[in-house]
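Asks: dropping the sequence and predicted coords here.
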Protein chains: 2
Amino acid sequence: MRATFLYGAGDVRVENAPDPVLQQPTDAVVRIVRSCICGSDLHPYHTLPASGQRTPMGYEFIGVVEELGSEVSGLKRGDLVVAPFAYSDNTCAFCREGLHTSCRNGGFWSAGGVGDGQAEAVRVPQAQGTLVKLPVAEDSELLPSLLTLSDVYGTGYHAAGQARVNPRTTVTVIGDGSVGLLAVLSARQLGAERIILMGRHQDRTDLGREFGATDVVPERGAEGIERVRELTGGDGTHTVLECVGYMSAYEMAVGVVRPGGVISRVGVPQYEEAPVGFTSLFGPNITLTGGPAPVRAHIEELLPGVLDGTVDPGRVFTRTIGLDEVPDGYRAMDRREALKVLVRP
Amino acid sequence: MRATFLYGAGDVRVENAPDPVLQQPTDAVVRIVRSCICGSDLHPYHTLPASGQRTPMGYEFIGVVEELGSEVSGLKRGDLVVAPFAYSDNTCAFCREGLHTSCRNGGFWSAGGVGDGQAEAVRVPQAQGTLVKLPVAEDSELLPSLLTLSDVYGTGYHAAGQARVNPRTTVTVIGDGSVGLLAVLSARQLGAERIILMGRHQDRTDLGREFGATDVVPERGAEGIERVRELTGGDGTHTVLECVGYMSAYEMAVGVVRPGGVISRVGVPQYEEAPVGFTSLFGPNITLTGGPAPVRAHIEELLPGVLDGTVDPGRVFTRTIGLDEVPDGYRAMDRREALKVLVRP
């Protein structure tokens, strides 16, 4: 089969790879119908040292079950399924608490010999717990929106949920990437009436307004902080959904959060240390929360709204390409020419 | 009057000072009946550079109202009152949300010309919002327990409350100072059944067991983390109440918290930057919360249990001294010869 590999910063290749096969009785093999490129893929795309080794890429996909291990029940060949960006057994103590990203038997794609999603097919560990059957056909127009359940919609929803967004909370969303825009959508779904979106790409923030943003702040840094403060009577917002991952975004979050408020991070931090002392988080009793979203926990909850058309998160896909065009897709996302790129293998 | 001042690290003096007088119509003047020394006082006691200037000390007290400004209602001369460690109007938006430490008209003792509590008398700004009348006499045996409502009991309670301790959460308390021990008491009050106390002073951890600790871990650092992991099947506890404030305590908190869990800090951080990235907080979806406790918000809630003897938080006072002995009191607390020192001016 064909699959996508990263050889080093800026060096994405689509190459031949062995067809995936069942290795464990809990595995499935899935033929991929739709995949996509994630903003998080751009982090290694910017920084991975060239080592001669290739790293499989991609972890969001919808596919059709082709083979099932002997211990997988509840699924059959031919089922159309969506996979979250982490696999999990959906039965351990952490999964039962909704923290599938810490599953005792789980893990992440592209690691430990598990393949990737930007490919023609993939081996799925813990298939019974991981895959969710979709009640639509392989050519459904809902596929883009359903694909966002793999990561970006569930991740935006996690940001809002961990921040306990509700009708009484004002919200700042930092970042106008697909996760930020779907954090806006999620905050609106949870009842927020005042949602300030910090982003400077007007085509994206326009979509953010359609998703529910009431204000857009294109300024960044100290100027952006001052703008949000002005919009909130000087206090900042009860919740800040940080959907970028850079230190500059963390600093903006600290700058715009209201005393007693919550900063909820879902952008993968590109830093390890950050200010958390008296003058940043402690003095004003700020809560810092978030992490990799256990999107598996949210799929059942978010699926009905996608199926009945209440929400259309698939609008974050602004370009569709074939598998061999994936290197172009990375470039387009990196240059902000595409918001999020859908891949049809 | 006589009052306590810090001139620099290790240099505490009790000296003459002007008698406090009303400055604002919202002020009161209170004659102090009981005061005490706080573990947080030891931070400047260790580090304050000698500058020739004197810093007033102390911010926990019970006293008798002697004078009232024209705009103070609900209090009268002769009332016995307890004051929280921050003053507040108890009416602004933040106070109504229970975040009195961020009061729009509030502040902290010993700052901006406001006097201190380790003294014979003190001016109280925002007296109507700050002071809470106590329904006991000036010689009541409950005074030590009532005095803990000024800070340490409310602070321990804030740690447990912010962590959302409940009957289903396991708890680690880091620190066997008075706040740590009262965090144990508070966690027990909130229903926690498994409370691991990390502390290495047996007289203190023995009191912690009486307050509700089910396990004591005297080891620190990596060894302490391993011990807590052993006690919890490898997972750590759902909540960690960090009642120390040093980086070593923060690192232990990160080491013993369960994936998806909460670290709640009430020890004043002696650092500004700390690990919060993928390998510490983000990856396992850890929430970091806490801050200076809005103890004013908790006084009405915690007062009945003190008055009816359900709890006896005043047991943290292991020594009582007069005002002129305050420098000895600092030394005794610094040398861990006294857990917390009560001052009778």
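Replies: Alright, I've got the coordinates.

Asks: would you mind listing what in the stretch 151-300 of chain A touches chain B?
Replies: In this structure, the stretch 151-300 of chain A approaches chain B at residues A:162, A:259-260, A:265, A:268-269, A:271-292, A:294, judged by CB under 8 Å from any CB of the partner chain. For every residue, glycine as well, the C-beta is placed using N, CA and C.

Asks: among these, which are in helices?
Replies: Among those, DSSP state H puts A:Gln162 in helices.

Asks: just the buried residues of the residues of the stretch 151-300 of chain A next to chain B.
Replies: Of the members of these, the ones counted as buried by neighbours, 16 or more other CB atoms under 10 Å in any protein chain shown, are A:162, A:259-260, A:265, A:268-269, A:271, A:274-278, A:280-292, A:294.

Asks: in strands, which of these appear?
Replies: Among those, the subset assigned to strands under DSSP state E consists of A:Pro259, A:Gly260, A:Arg265, A:Ala274, A:Pro275, A:Thr287, A:Leu288, A:Thr289, A:Gly290.

Asks: I'd like those as TSV, with pLDDT appended.
Replies: Output for these, formatted as TSV (pLDDT from 0 to 100):
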residue	pLDDT
A:Pro259	98
A:Gly260	98
A:Arg265	98
A:Ala274	98
A:Pro275	98
A:Thr287	98
A:Leu288	98
A:Thr289	98
A:Gly290	98
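
Asks: quick one: buried residues of stretch A:230-249?
Replies: A:231-232, A:235-246, A:249.

Asks: right, and the pair among those with maximum separation?
Replies: Of all pairs drawn from the buried residues of stretch A:230-249, the one with the longest distance (CB to CB) is A:Asp235 and A:Gly245, at 25.7 Å.

Asks: how many other residues sit next to A:His46?
Replies: The number of residues packed near A:His46 is 11, by other CB atoms under 10 Å in any protein chain shown.

Asks: assign the residue lying farthest from the centre of chain A to helix, strand or coil.
Replies: Here the centre of chain A is the reference, and by CA atoms, centre = their mean the most remote residue is A:Gly233, at 32.2 Å. Put simply, A:Gly233 is coil when judged by DSSP: H, G, I helix; E, B strand; the rest coil.

Asks: what does A:Asp324 give?
Replies: helix.

Asks: distance check, it against chain B.
Replies: Here the criterion is CB to the nearest CB, to the nearest Å. By it, A:Asp324 lies 32 Å from chain B.

Asks: secondary structure class for the residue nearest to A:Arg331 when sequence neighbours are not counted?
Replies: If the residues on either side of it in the chain are set aside, A:Arg331 comes closest to A:Glu337, at 8.0 Å by CB to CB, 6 or more residues apart in numbering or on different chains. A:Glu337 carries the three-state label coil when classified by three-state DSSP.

Asks: let's see the pLDDT reported for A:Glu337.
Replies: The per-residue pLDDT reported for A:Glu337 equals 94.

Asks: next one: it from A:Asp203, what distance?
Replies: Distance of A:Glu337 to A:Asp203, computed by CB to CB, to the nearest Å: 10 Å.

Asks: ok, now A:Asp41?
Replies: 21 Å.

Asks: now do A:Glu141
Replies: When distance is defined by CB to CB, A:Glu141 is 22 Å away from A:Asp203.

Asks: in space, what's closest to the residue sitting nearest the centre point of chain A - neighbours in sequence excluded?
Replies: The centroid of chain A falls nearest to A:Val152 when counting by CA atoms, centre = their mean (2.9 Å). If the residues on either side of it in the chain are set aside, A:Val152 comes closest to A:Ser178, at 4.5 Å by CB to CB, 6+ apart.

Asks: do the same with A:Pro269
Replies: That would be B:Gly277: by CB to CB, 6+ apart, it lies 4.5 Å from A:Pro269.

Asks: touching, the one you found and A:Val268? I think so.
Replies: No: with contacts counted by CB atoms under 8 Å, B:Gly277 stays clear of A:Val268, the gap being 9.1 Å.

Asks: burial of A:Val64, as a residue count?
Replies: For A:Val64, the number of neighbouring residues by other CB under 10 Å comes to 15.

Asks: name the SS class of it, please.
Replies: What three-state DSSP gives for A:Val64 is strand.

Asks: now for the nearest residue to it once chain neighbours are set aside: which residues touch it?
Replies: Spatial nearest neighbour of A:Val64, chain neighbours left out: A:Arg31 (4.9 Å); criterion: CB to CB, 6+ apart. Applying CB atoms under 8 Å, 6 or more residues apart in numbering or on different chains to A:Arg31 gives the contacts A:Gly63, A:Val64, A:Glu66, A:Glu120, A:Ala121.

Asks: how about A:Thr205?
Replies: Contacts of A:Thr205 by CB under 8 Å, 6+ apart are A:Asp176, A:Leu197, A:Gly199, A:Ala213, A:Val216, A:Pro218.

Asks: just the ones of those in helices?
Replies: Using DSSP H, no member of these falls within helices.

Asks: which ones among those map onto strands?
Replies: Secondary structure defined by DSSP E assigns A:Leu197, A:Val216 of those to strands.

Asks: closest to A:Pro135 out of the contacts of A:Thr205?
Replies: The nearest one, if we look at those relative to A:Pro135 and count by CB to CB, is A:Ala213, at 31.2 Å.

Asks: what is the neighbour count of the closest residue in space to that closest one that isn't next to it in sequence?
Replies: Using CB to CB, 6+ apart and skipping residues adjacent in sequence, the residue nearest A:Ala213 is A:Leu197, 3.9 Å away. Other residues within reach of A:Leu197 by the criterion other CB under 10 Å amount to 30.

Asks: what of A:Glu15?
Replies: Once other CB under 10 Å is used to define contacts, A:Glu15 is seen to have 12 neighbours.

Asks: and for A:Glu60?
Replies: Residues contacting A:Glu60 under the criterion other CB under 10 Å number 27.

Asks: residues contacting the closest residue to it other than its chain neighbours?
Replies: Once flanking residues are discounted, A:Glu60 sits nearest to A:Ser150: 3.5 Å by CB to CB, 6+ apart. Taking CB under 8 Å, 6+ apart as the definition of contact, the neighbours of A:Ser150 are A:Cys36, A:Tyr59, A:Glu60, A:Phe61, A:Ile62, A:Val82, A:Ala83, A:Pro84, A:Phe85, A:Val295.

Asks: could I get these as CSV with pLDDT and secondary structure?
Replies: Supplementary listing: the contacts of A:Ser150 in CSV, determined by pLDDT from 0 to 100; DSSP: H, G, I helix; E, B strand; the rest coil:
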residue, pLDDT, secondary structure
A:Cys36, 96, strand
A:Tyr59, 90, coil
A:Glu60, 94, coil
A:Phe61, 96, strand
A:Ile62, 97, strand
A:Val82, 98, strand
A:Ala83, 96, strand
A:Pro84, 95, coil
A:Phe85, 92, coil
A:Val295, 96, helix
